[in-house]
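Visitor: sequence and predicted model, in that order:
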Amino acid sequence: MSTVFDFPRVPPGVQVHADTADASRQITAFLAKHPGLLEALTEGLWHLHQAFPESDRFTIALEADRESPDWEYAVVCVQTVLPVPAAHDRLDAFTRTWLLEHTAQLGDTVLFDVEYT
């Protein structure tokens, strides 16, 4: 059962969910290892919500690379009912207008994606 992840500031009406309470604790520990990442993720959520204003649910998960298990990264997904082409266009616009400008700050610690509901 998913649990609401406690971001300090999210857009009004928006919830960010982690898969489980244990996953939420792991994400909190991951964010603690990366100073400034929580603030950058929070800002990214606001911009992602601007790209998907009808979406009120996001998910966050911690993933490990299969080829390099020491490399962990957060995956933030916006849940949407949009058709695939429209959702990809919006995600591409988010990438061009916000994500590319923050790549140096985020490094390889975050991936933003779309989850279809």
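Guide: Now that the structure is in, tell me what you want to look at. Numbers count the residues shown, from 1 in each chain.

Visitor: so the nearest residue to Ala87 once chain neighbours are set aside: helix, strand or coil?
Guide: Distances taken as C-beta to C-beta, 6 or more residues apart in numbering place Val114 nearest to Ala87, at 4.7 Å, with adjacent residues excluded. In short, each C-beta sits where N, CA and C put it, glycine included. Three-state call for Val114 (DSSP: H, G, I helix; E, B strand; the rest coil): strand.

Visitor: likewise Val76?
Guide: Per three-state DSSP, Val76 ends up strand.

Visitor: can we start the residue count at 35 from this point?
Guide: Sure, I'll start numbering at 35, so the last one becomes Val110.

Visitor: for it, give its distance to Glu97.
Guide: 11 Å (C-beta to C-beta, to the nearest Å).

Visitor: for Ala125, give me its contacts.
Guide: Residue 125: Leu, not Ala. Listed by C-beta atoms under 8 Å, 6 or more residues apart in numbering, the contact partners of Leu125 are 85, 112, 146-148.

Visitor: again but with His122, I slipped
Guide: Val148.

Visitor: tell me the SS of it?
Guide: helix.
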